[in-house]
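Asker: Pasting the sequence and the predicted model now:
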Amino acid sequence: MPELPEVETIVRGLKARIIGWEVKEIIFLSNYLKNKYPENKKVLKHFRGKKVSAVSRRGKMIMVGLDGELHWLIHLKMTGQLYLARRNEPVDKHVHVRVIFKGQAEELRFRDVRKFGFWFCLKGPELKNKVCASLGPEPLALKYHDFVQLWQKYPARQAKSLLLDQKIIAGIGNIYSDEILFRAGIRPERRARTLKPEELRKIYFMMKQVLREAIAQKGSSISDYIDSYGERGEFQEKHRVYGKEGKRCQRCKRGFIRRQKIAGRSSYFCPVCQK
DNA sequence: AGCCCATCCTGTCCGC
DNA sequence: TGCGGACAGGATGGGC
């Protein structure tokens, strides 16, 4: 499931390659994106001949800017993939969008097995701005003081649910919230109001550290995730709790990793050293 | 206010 | 081996 580090890796990879590429053709291979966003078909014609001018990320959202206020707004949700492939590479039934570029041997593909993700073609910045405005701050740019204020606003909420909430902090999902809370030594169900200042500081520090390390490792590949080059990440090797139910805790060597549904998600933690 | 649950979807895995 | 059900989860929306 692509979260901030995976999306960041994809964006960096695309940025290095497709800036300046001219769109020759956009091919939608399935109808589900049209149902999610009927405008997709209507504005398609405006994209021909336009050049990619920017690739960026906001939370888990990917934004590709083209000349003349045209954008692609892409969310990979759980199983979405966005990558460059050679034109002659086979297209399977889960590829929903292909973008052919003028004079380029590679095309951009959007593939999504579960069809939760989306690819919107936008003319004008309105929807993009609206979506960005609904997201909380970027965790890697967040100052400690502002982080503390956010948590003080929701004293009754569970630590995990705050980390997962895109309106509060943008980009963290189920894997990284568990890994952050493990490294901070905090149980996912702890209420914000019960956190001592030094505990909150630990969460803040580990949030930055885990996300930075994961980006350096090009994300976590649990099942479907690949980057824009079609390559897997390495950070799953550094996971301490996620998907490790029943395994001995590598930190305290006493607890066994427990799995429990918290904040509506499978959550993994060490019952001994997470307090 | 905050949590839970269902929903969207399909591949995978487990038990019978 | 084969079938059916549970499960995975990002975001959203409704109910309690």
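Answerer: Looks like it came in fine.

Asker: mind listing the strands in chain A by residue range?
Answerer: For chain A, applying DSSP state E gives strands covering A:23-28, A:52-58, A:61-66, A:70-75, A:80-86, A:95-101, A:106-112, A:118-123, A:258-262, A:265-269.

Asker: Determine the set of other helices and strands touching the second one.
Answerer: When you say that, I think you mean strand A:52-58. helix A:4-18, strand A:61-66 (3 or more C-beta pairs under 8 Å, 6 or more residues apart in numbering; DSSP states H and E). C-beta coordinates here come from the backbone N, C-alpha and C atoms, glycine included.

Asker: Compare the strands of chain A and give me the one nearest DNA strand B.
Answerer: When those are compared by C-beta to the nearest atom of the strand, strand A:258-262 sits nearest DNA strand B, at 6.6 Å.

Asker: partner strands of that closest one, parallel or antiparallel?
Answerer: strand A:265-269 (antiparallel) (DSSP bridges).

Asker: Show the average pLDDT along the strand it pairs with.
Answerer: Per-residue pLDDT over strand A:265-269 has a mean of 91.

Asker: Only C-alpha atoms, please: export it in PDB.
Answerer: Extracted C-alpha coordinates of strand A:265-269, given in PDB (Å, rounded to 0.1, in the frame of the first residue of the first chain):
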ATOM      1  CA  ARG A 265      -7.100  -1.400  11.100                       C
ATOM      2  CA  SER A 266      -5.000  -4.400  11.800                       C
ATOM      3  CA  SER A 267      -2.500  -3.000  14.200                       C
ATOM      4  CA  TYR A 268       0.800  -4.600  15.300                       C
ATOM      5  CA  PHE A 269       2.600  -3.800  18.500                       C
END
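
Asker: does that strand come close to DNA strand B?
Answerer: No - figure legend: strand A:265-269 not in contact with DNA strand B (C-beta under 7 Å from any atom of the strand); closest approach 8.7 Å.

Asker: Name the residues of that strand that come out as buried.
Answerer: Buried residues in strand A:265-269, counted by 16 or more other C-beta atoms under 10 Å: A:265, A:267, A:268, A:269.

Asker: I am finished for the moment; much appreciated.
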